[in-house]
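Participant: Got a predicted structure plus its sequence, pasted below:
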Amino acid sequence: MKAKEIVRIMQSYPSVEEQGKSFKVGFFLCTGGTASILFDRVLYHIRRHTLVMLYPNAQIHVVQHSEDWEGRLEMDCVESYYPTLEVIDVRDRIVVRSCPCVDVPEVTADYLHRLCDLIDEEAPLGRGECMPLTSQAVLDKLGSYRRRYLRSAMLTDIVGIFLSERPKGTHTPSRHEGVVNDFLLLLLKNAHAERSVQFYAGRLHLSPYYMSTVVKEATGKTAMEWITMFTINLSKHYLADTDKSIKEIADTLHFPDQSTFGRYFKRHMGCSPGEYRGR
């Protein structure tokens, strides 16, 4: 991908373009040239074999780049990485978020290229003479599952790369960063059941107003907006990736009943859970 297209995508990343669209997760691997980017208000210098992790709510601005800047940019909806995200320790996620750019060896860069090629490549599906005719819809669904699980494997490898290649020395988080990290850790563990700012503030021994203000200043979203995003993403995961009934999903997410869950989902997604599942 050439510089012009990279800049266009990065400058628009990762906002939800329309109601119902999902946040994006992915990475950028520089293959040539140089650039300087502001990533969540921190300036990073990008060169060949710099790997950049792209996570939801990151604010990215390309300050300058050489004419020959190019690289591989891979992104997908965050739901595509479930359930992998659930098994990656939250502390490791925070490490990656605190240091989203690392320089990797050539052998690692080559490995990521091969993995991306494998994801993009169509599986060589044959059909024996005695096999019943398989509908294109079934093959398309299998192909979708194949790409999803390969992307999950890729995410696991990339987290490992960041943990092994990150610069030596630890960053001591500020008081505000500590509050945000603790809040997100609690949210990851309790999003299935708790949707009140008061619950999380109480667990952190903070006032709801103070905690939400700190989270807003650090991330651009209030605590309630984060809670809602996690709840909706979990809902979409269960609707798209499981056979749970809508009532079972409502129970799993600790809604009082199916109707309450339906109204909540429609308010934030613009469609009912059943309509979303039928897409």
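Facilitator: Received, thanks.

Participant: Which helix or strand lies directly C-terminal to the worst-scoring helix or strand of the chain on mean pLDDT?
Facilitator: Every helix and strand of the chain was ranked by mean pLDDT, DSSP states H and E. The lowest is helix 84-87, at a mean of 64. Using DSSP states H and E, the next helix or strand after helix 84-87 towards the C-terminus is helix 90-98.

Participant: I'd like the distance from that following helix to the chain centre, please.
Facilitator: Centroid displacement of helix 90-98 relative to its chain, using C-alpha atoms, centre = their mean, to the nearest Å, is 13 Å.

Participant: Quick one: list the elements packing against it.
Facilitator: Secondary-structure packing of helix 90-98 (3 or more C-beta pairs under 8 Å, 6 or more residues apart in numbering; DSSP states H and E): helix 136-165, helix 175-190. Just so you know, the C-beta spots here come from the backbone N, C-alpha and C atoms, and that holds for glycine as well.

Participant: what angle do it and helix 175-190 make?
Facilitator: 140 degrees (axes from the mean of the first three to the mean of the last three C-alpha atoms, to 10 degrees).

Participant: Report whether residue 261 is found in a helix, as I expect.
Facilitator: Yes - according to DSSP: H, G, I helix; E, B strand; the rest coil, residue 261 belongs to a helix.

Participant: I figured it hits residue 244, correct?
Facilitator: No - applying C-beta atoms under 8 Å as the test, residue 261 and residue 244 come out as separate, 11.7 Å apart.

Participant: These two: which has the busier surroundings?
Facilitator: residue 261 (23 against 13; other C-beta atoms under 10 Å).

Participant: about what we covered before: quick one, which of the helices and strands packed on helix 90-98 gets closest to residue 238.
Facilitator: Nearest to residue 238 among those is helix 136-165; the distance by C-beta to C-beta comes to 15.2 Å.

Participant: No more questions from me, cheers.
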